[in-house]
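*Asks:* Predicted model and sequence follow; I will ask about them next.
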Amino acid sequence: MLAAAGFPSSQCAAQADTGTSSFEINGLRVILRRNTANDVVAANVYLLGGVQQLTPATQGIEALLLASSERGTKRFPGETARSLTARLGVTIVTEPTEDWTLFGFTGVRATFDSCFMILTDRLMAPTLDSVEVERVRSRMLTGLRLEANTPDPVINHLADSLAYVGHPYGFAPQGTDATIQSITLARLRAYQASQMVTSRMLLVVVGNIERPRLEQLVQQTLAQLPKGNYTWNSPRMPGASQKALLMQEAQLPTNYILGYYAGPPAQSADYNALRVATAVLSGRFFTEIRSRRNLSYEVEAPFVERAIATGGVYVTTVAPDTTLAIMRNEIDRLQQELIDSRGLERLVQQFITDYFLKNETNSDQATFLARAQLYHGDYRAAARFVESLRDVKPEDVRRVARQYMHDFRFVYLGNPSKLSRALVDRF
């Protein structure tokens with residue numbers, strides 16, 4: 001099933017990789033995974049660096065630039081690009097993240113060339129008309145203000161800001177209300193001129209497209225950009241952190257708790273060991289907190305998949321102290337006891353199945369390959385993903401739990417009187 005979805009299992013990795021190739025044109029790295037099972041094609045451009053390209057004052061500038069490019073380009077002025085993509089039945093998506101900004105579309109083979117031309121012209125030659133930029137700015141501010149009244153986006157942003165004080169991961173790639181308001185049209189145009197270079201781009205295409213056809217399209221479009229001198233580097237490791245708690249009072253039917261700790265870099269063998277350890281912890285949280293005691297409708301031990309892993313605990317509950325005490329007990333168990341090897345094997349297999357089922361679209365496969373290329377320097381590292389998970393032993397789970405699951409930095413959103421600071425300090 002996993003191989004049919006386009007992902008390599010450890011048994012068929014070599015066979016699966018025969019359909020994937022990589023080449024470079026004027027500094028632009030291109031990865032093509034040819035899949036002839038259907039005519040769906042995903043093309044994603046990854047603008048590398050993410051928050052490392054930002055300053056406190058320019059948070060959200062790339063998101064604003066790419067959103068504004070929808071309102072007209074040199075080849076597709078005014079409403080032309082929007083009306084044409086609507087007619088072609090595709091949506092060009094922009095997803096700013098900490099390590100890159102994804103800019104891409106999923107379409108069909110018959111209209112791929114036209115969609116690709118629109119996508120690349122938005123990167124290469126946006127009109128950036130002042131009136132249209134202001135319309136986009138207004139729309140983005142509305143979205144940010146709506147999120148500011150929604151608990152999960154609020155607590156996620158605050159948790160990153162608290163866990164990564166003085167580190168680029170503390171920036172908001174989608175911007176803040178203040179920065180989106182302050183970014184000038186001149187700064188937007190300067191960013192476009194300096195940052196849209198091929199050395200900062202990774203193009204990943206998954207679907208039924210031949211390499212000569214793709215190479216020709218790239219030569220006619222993105223390869224015309226300056227090469228630049230960008231080199232991808234993983235973000236620096238954060239400094240040693242101390243325990244922290246940020247409490248924000250809110251009148252809500254439940255209380256939101258999110259605590260983060262910094263994990264290892266993606267190149268480390270500990271990366272997937274910690275991924276497995278958090279999956280074990282999530283399962284135990286679900287059993288003890290939701291199933292047995294009905295203290296929460298949503299609880300997990302998140303693993304944030306970035307160049308530097310972030311782990312943590314998350315719960316919404318009306319009984320914060322009781323819930324946190326159970327969480328602390330389960331972390332202690334993970335740090336002190338060895339998980340049963342057969343149970344770990346079953347859990348890893350279930351995790352692998354769930355992971356790939358959640359990431360089976362062509363666009364998801366493109367990001368899977370992009371992570372391997374950036375984090376490990378080779379897209380073929382993706383083929384070793386399953387094997388590396390199966391290599392995790394009970395001793396590895398206990399070791400990474402001890403090494404990383406400490407000095408949590410917590411954000412609490414809700415009723416302050418229901419949370420004991422002494423209990424939080426146990427993390």
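*Replies:* Perfect, thanks for sending it.

*Asks:* what residues are up against S363?
*Replies:* Counting by CB atoms under 8 Å, 6 or more residues apart in numbering, S363 makes contact with A42, N44, G104, T106, V206. Every residue, glycine included, has its C-beta placed from N, CA and C.

*Asks:* Mind telling me what element it is part of?
*Replies:* Per DSSP states H and E: S363 is located in helix 362-376.

*Asks:* If we go by neighbour counts, what in that helix is buried?
*Replies:* With burial defined by 16 or more other CB atoms under 10 Å, the residues of helix 362-376 counted as buried are 362-375.

*Asks:* Moving C-terminal from it, which element do we reach first?
*Replies:* Downstream of helix 362-376 (by DSSP H and E), the next one is helix 385-390.

*Asks:* Isn't R137 up against Q181?
*Replies:* Yes. Taking contacts as CB atoms under 8 Å, R137 lies within contact range of Q181: 7.5 Å.

*Asks:* Which of the buried residues of helix 362-376 sits closest to T317?
*Replies:* D364 (31.3 Å; CB to CB).

*Asks:* how much space between the closest residue to T179 other than its chain neighbours and A307?
*Replies:* Sequence neighbours aside, Q59 is the residue nearest to T179 in space, at 4.4 Å (criterion: CB to CB, 6 or more residues apart in numbering). Using CB to CB, to the nearest Å, we find Q59 at a distance of 18 Å from A307.

*Asks:* Of those two, which one has the most company?
*Replies:* It is Q59, of Q59 and A307, that has more neighbours when counted by other CB atoms under 10 Å, with 24 against 21.

*Asks:* what's the closest non-adjacent residue to F427?
*Replies:* Once flanking residues are discounted, F427 sits nearest to F408: 4.0 Å by CB to CB, 6+ apart.

*Asks:* quick one, what contacts the one you found?
*Replies:* Taking CB under 8 Å, 6+ apart, one finds K243, G259, Y260, Y261, G312, V313, V424, F427 in contact with F408.

*Asks:* Can you give me the distance of it to V313?
*Replies:* Look at F408 and V313: by CB to CB, they are 7 Å apart.

*Asks:* what does the model give the most centrally placed residue in the chain for pLDDT?
*Replies:* By CA atoms, centre = their mean, the chain has its centre lying nearest to T97, at 5.4 Å. Note on T97: pLDDT of 97.

*Asks:* before we move on, what about F356?
*Replies:* pLDDT at F356 comes out at 84.

*Asks:* What's the local residue count around it?
*Replies:* Neighbour count of F356, defined by other CB under 10 Å: 21.

*Asks:* re the thing from before, which residues touch the residue nearest to the centre of the chain?
*Replies:* G50, P173, R306.

*Asks:* And S21, by the same measure?
*Replies:* Contact analysis of S21 by CB under 8 Å, 6+ apart lists I31, L32, R34, R211.

*Asks:* what do you get if the cut-off is 6 Å, keeping everything else the same?
*Replies:* Residues counted as contacts of S21 (CB atoms under 6 Å, 6 or more residues apart in numbering) are L32.

*Asks:* Please confirm that it is located within a strand.
*Replies:* Yes. S21 forms part of a strand when assessed by DSSP: H, G, I helix; E, B strand; the rest coil.
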